[in-house]
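Enquirer: A structural model of the following input is requested.
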Amino acid sequence: MKSENQITHEGVILSSGPDSVTVMISQNVSCAGCQASGVCNLNDRNNKILKIDGNYNLKPGSKVIVTVNLSHGYLAVFLGYVMPFVILIASLLVTISMSLGELAAGLISLGITSFYYILLFLFRKHVSKKFSFSLKTL
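Expert: Predicted coordinates for the structure are as follows:
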């Protein structure tokens, strides 16, 4: 029973600990019918590995369904694609209006966008707390 406001993927438990499990998600046929397939990074590779916090008491090799709210998917798209694009365009417009030249404006804009990604990387633990995955056994 798939809810319209959730993204689900089938996966296999790689390892299980007292406070987290590691799940390998394989791209499957259901990706073709998913509304988020155009922006989902799972389409880029065959396998994706997730560390999911929680005590699930599952054995390695168990098949599970990983679920995340659609709103969390939109947040990930916003942080990973929309925000950097807005930063890139805004910084490009500002630097061009300062008459720095196109090459300098482009390089500065790329530098500012790179700085955003570095900040996102440095605060990845804080950002990851905003995303909550849940598991269901098959």
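Enquirer: contacts, neighbours, all on C-alpha from now
Expert: Fine.
Enquirer: Helices of the protein, start to end?
Expert: 70-77, 83-97, 102-122, 124-128 (DSSP state H).
Enquirer: got those as JSON lines, with distance to Lys51, mean pLDDT and mean neighbour count columns?
Expert: Converted to JSON lines, those look like this (distance: least, C-alpha to C-alpha, whole Å; pLDDT from 0 to 100; neighbours: other C-alpha atoms under 10 Å):
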{"stretch": "helix 70-77", "distance to Lys51": "16", "mean pLDDT": "88", "mean neighbour count": "16"}
{"stretch": "helix 83-97", "distance to Lys51": "25", "mean pLDDT": "97", "mean neighbour count": "16"}
{"stretch": "helix 102-122", "distance to Lys51": "16", "mean pLDDT": "97", "mean neighbour count": "15"}
{"stretch": "helix 124-128", "distance to Lys51": "11", "mean pLDDT": "89", "mean neighbour count": "11"}
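Enquirer: Export those as TSV, with columns for distance to Gly61.
Expert: Below are the helices of the chain laid out as TSV (distance: least, C-alpha to C-alpha, whole Å):
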stretch	distance to Gly61
helix 70-77	26
helix 83-97	38
helix 102-122	31
helix 124-128	25
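Enquirer: Nearest to Thr22, out of these?
Expert: Thr22 sits nearest to helix 124-128 of all the helices of the chain, at 15.1 Å, using C-alpha to C-alpha.
Enquirer: who's in contact with that closest one?
Expert: Leu120 (C-alpha atoms under 8 Å, 6 or more residues apart in numbering).
Enquirer: Distance from the chain centre to that helix, please.
Expert: 11 Å (C-alpha atoms, centre = their mean, to the nearest Å).
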